[in-house]
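Asker: Sequence and predicted structure, then a few things I'm wondering about:
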Amino acid sequence: CTYKTEGSIRTTTGSGFFISPKGAVLTNAHVAQFMLLEKSNRDGTTNCVIRAGNPATTAYEAKLLYISAAWISENANLIDVEVPVGTGERDYALLFPSASLNPEPLPAQFPYLNIHTAELSETNQFDNVAVAGYPADPLYEEGAGAPLPFISADTVITDLFTFNRDT
């Protein structure tokens, strides 16, 4: 996602995944934060794209579906900081593809991850999990059009944070 003003261009990147057949994308709030400026009184424009495939290439224009009001409240003062540092708490957002950026139309159904939504307990600590994403290193080395390779790894749950309890 980018935010352009007359004197600067700010960019945020992050991995996200389709979590519904209708195209909802789960990503980080800090990725989508500039989309909040779209309706503000600031002089600037926002643009956010979704890359898809392996390697990932630009596929869709993105619009903001949801971002946590609590995250906004806690991080609003960091939006102008060059290298913001937060706790990561509530750092999630939902985007959706609003238009295709290639000759094909938006698909009727998106390939999606069927996410596990049951609450985890302390007994899940040290369970095996797979993590995946699209590291942004090629963006910095080759520019915004660089294809992004999909990377995954196996690890274990070492710390457990939930939405329902202060753990």
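Answerer: It's in.

Asker: what pairs with the residue nearest in space to the middle of the chain across the strands?
Answerer: Centroid-nearest residue in the chain, with Cα atoms, centre = their mean: residue 27, separated by 2.6 Å. Judged by DSSP bridges, the bridge partners of residue 27 are residue 93.

Asker: Isn't it up against residue 12?
Answerer: No. The pair residue 27 / residue 12 is not scored as a contact, 9.8 Å apart, by Cβ atoms under 8 Å. No exception for glycine: its C-beta is placed from N, CA and C like everyone else's.

Asker: if we can go back for a sec, for residue 93, see how far away the residue nearest to the centre of the chain is.
Answerer: 6 Å (Cβ to Cβ, to the nearest Å).

Asker: do residue 119 as well
Answerer: Distance from residue 119 to residue 93, by Cβ to Cβ: 21 Å.

Asker: between the two, which one's more packed in?
Answerer: Ranked by neighbour count (other Cβ atoms under 10 Å), residue 119 and residue 93 place residue 93 first, with 25 against 11.

Asker: Next one: the more buried one from residue 23, what distance?
Answerer: From residue 93 to residue 23 the distance is 14 Å (Cβ to Cβ).

Asker: Quick check: residue 133 touching residue 151?
Answerer: Yes. Contact criterion Cβ under 8 Å: residue 133 and residue 151 qualify, at 6.2 Å.

Asker: Quick check: chain neighbours aside, which residue is closest to residue 16?
Answerer: Closest residue to residue 16 apart from its sequence neighbours, by Cβ to Cβ, 6 or more residues apart in numbering: residue 27 at 3.2 Å.

Asker: Looking at the one you found now. What's its pLDDT?
Answerer: Looking at residue 27, its pLDDT reads 91.

Asker: quick one: contacts for it?
Answerer: Shown in contact with residue 27 (Cβ atoms under 8 Å, 6 or more residues apart in numbering): 14-17, 92-95.
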